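K.L.:
I'll drop the sequence and a predicted model, then ask my questions.
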Amino acid sequence: MPVVAIGAPRSWRPPGSPLRPDFFDRSADQVAADLVGKILWRDGVGGGRLVEVEAYLPSDDPACHAARGRTRRNDAMFGRPGTVYVYLSYGIHVLLNLVCESEGVPAAVLMRAFEPLASPGEPRLDPRVAAGPGLVGRALGLDLSWNGVRLGCEARLGVFDDGFAPAVETTERIGISMGRSLPLRFILPGSRSLSRAPRRGIPAGRPS
DNA sequence: TAAACGATTAGCT
DNA sequence: GCTAATCGTTTAT
């Protein structure tokens, strides 16, 4: 049941200017680090300030969907920088990625959580409506038809830079079993909108 | 054609 | 803190 959890007036847009596609023509970890604090926004629906993203690299990254080559599902990852890559997780969750690197190089950044931004006159929003990758897709009202869409060109979805440049923290990624140790999760520490996804398969490292 | 798995979340203890 | 639910994609036969 796709539920649009936030609903902003059609006329309102977040402050700042939209990122251009060449912002994404870099390595995914650099893009990811710079995306924290930016505003992810869908026209007429809403969005908010990104507080948690993860990078997936084109090589030496077993968790990347393209690690075993190009398939029908991950095809969008090979597209031009700034392309939207959307796929279904666990058959139910719509996960939003933004493609990085040059065309033909499969890299992307997963949008894991954002702090909802209320437009003027709107009541305060629950900070947890987008506190997880599946919740991000749901809050923005996305579905698989968004796969392959280009940011900016299609003005319906964009990332805005309003000059906010927070201190970003780096951690291990969440919810994957391979490539776990790579520090490719970027967060805004202390945000109430961070996901609380459990880490599966991590052996107890606590001393007895 | 069949089986296993997952870039998760919600709900219950 | 732990587990069930849920189904498309991938991989194996």
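P.N.:
That came through fine.

K.L.:
who does A:G46 bridge with?
P.N.:
A:R42 (DSSP bridges).

K.L.:
what about the residue in chain A that DNA strand C sits nearest to, distance to A:P120?
P.N.:
Going by Cβ to the nearest atom of the strand, DNA strand C is nearest to A:G91 of chain A, at 2.2 Å. Backbone N, C-alpha and C define where each C-beta goes, glycine included. Distance of A:G91 to A:P120, computed by Cβ to Cβ, to the nearest Å: 38 Å.

K.L.:
Could you point out which residue ranges in chain A have low pLDDT?
P.N.:
For chain A, the stretches flagged by pLDDT under 70 are A:1-5, A:153-155, A:197-208.

K.L.:
Tell me which stretches of it form helices.
P.N.:
A:28-35, A:133-139 (DSSP state H).

K.L.:
Which of those sits closest to DNA strand B?
P.N.:
Taking Cβ to the nearest atom of the strand, helix A:133-139 is the member of those nearest to DNA strand B, at 3.1 Å.

K.L.:
which residues touch the closest residue to A:L188 other than its chain neighbours?
P.N.:
In space, and not counting its chain neighbours, A:L188 is closest to A:V51: 4.1 Å by Cβ to Cβ, 6 or more residues apart in numbering. Shown in contact with A:V51 (Cβ atoms under 8 Å, 6 or more residues apart in numbering): A:36-37, A:113-115, A:187-188, A:191, A:193-194.

K.L.:
export the helices of chain A to a markdown table and tack on mean neighbour count?
P.N.:
Converted to a markdown table, the helices of chain A look like this (neighbours: other Cβ atoms under 10 Å):
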| stretch | mean neighbour count |
| --- | --- |
| helix A:28-35 | 22 |
| helix A:133-139 | 24 |
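
K.L.:
any chance of those in TSV, with distance to A:L151 too?
P.N.:
Formatted as TSV, those follow (distance: least, Cβ to Cβ, whole Å):
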stretch	distance to A:L151
helix A:28-35	12
helix A:133-139	15
